[in-house]
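J.: 3D model of this:
(one chain, ligands or ions: 1)
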Amino acid sequence: MNAAQLLSSIFYAVVLMGSLVSSYPTGAPAGACTSLNPDSHGPSTAKGPSPYEITFSPTTYQPGQNIKVTLSGAQFKGFLIVGRKAEDTSMTNVGFFQTPTTPAAQLQCTTGKEGNGVTHTNNTVKSSITLDWKAPSSAVGDIVFHFTTVRGGAPSVKVNPSDYYMDQKSSPLKSASDEVLRFEKEVDDINVLETSEEEDEEIVYTVPSYK
Ligand SMILES: *[C@@H]1O[C@H](CO)[C@@H](O)[C@H](O)[C@H]1NC(C)=O
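T.: Numbering: from 1, shown residues only. Down below sits the predicted model:
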């Protein structure tokens, strides 16, 4: 190999490395809002079950309620999270993430979609992140959060943008209104069994917060 060839291979190696580590350091692009696919990272090379999970508080929602949504489980660099109806078949995001109070996250998926999403702002290593998500203004049944996470930090210190888990689903965030409706139905059944003479007495069984 002569000097020119050597320089040329170094040049290509540097360009290749640059493209591998660049990926989406400043957040997932809007194009990933439907598929949650971090295309430019290439096919996933992640091994084993995902260490990442999404938890939320409270564990049921009322229409319009703010829910704290936390992504954690292992260190990560990049992420994209959206909310969807559990029974969704149209890949439509629902609910709205509020403007994050942490500098590590920013809104995404804000155009042409019913709901938005959140993604990272840069590729510093994070171990968990908590975001506020506002439920749709009417109950839409159970919600599931879909998320893609790109690993960063331990156990590997090497930069590896293809070490990602795509379109994982959280456990369902249940609609509290549905629960109240189910409970009221059970209360009705009890009332029927008791065969109260006075219709008005049924009011004592009604859940006070439900109209
Ligand atoms: C990168 O994100 C961290 C939070 O993870 C934040 O503290 C820091 O300011 C950000 N850096 C830049 C250059 O935006």
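
J.: how about residue 92, nearest residue that isn't a chain neighbour?
T.: Distances taken as C-beta to C-beta, 6 or more residues apart in numbering put residue 114 closest to residue 92, at 5.4 Å, once the chain neighbours are dropped. Bear in mind the C-beta positions are built from the backbone N, C-alpha and C, glycine included.

J.: next: residue 111.
T.: Residue 111's closest residue in space is residue 30 (C-beta to C-beta, 6+ apart), at 6.7 Å.

J.: report pLDDT for the one you found.
T.: Per-residue pLDDT puts residue 30 at 86.

J.: again, but for residue 111
T.: So, for residue 111, pLDDT stands at 75.

J.: name the SS class of it, please.
T.: With DSSP: H, G, I helix; E, B strand; the rest coil as the basis, residue 111 sits in coil.

J.: distance of it relative to residue 29?
T.: Here the criterion is C-beta to C-beta, to the nearest Å. By it, residue 111 lies 12 Å from residue 29.

J.: in terms of neighbours, single out the busier of those two.
T.: residue 29 (15 against 8; other C-beta atoms under 10 Å).

J.: tell me the secondary structure at that one.
T.: Note that with three-state DSSP, the state of residue 29 is coil.

J.: residues near the one residue in the chain that gets nearest to the ligand, how many?
T.: Closest approach between the chain and the ligand, counting by C-beta to the nearest ligand atom: residue 104, at 3.3 Å. The number of residues packed near residue 104 is 15, by other C-beta under 10 Å.
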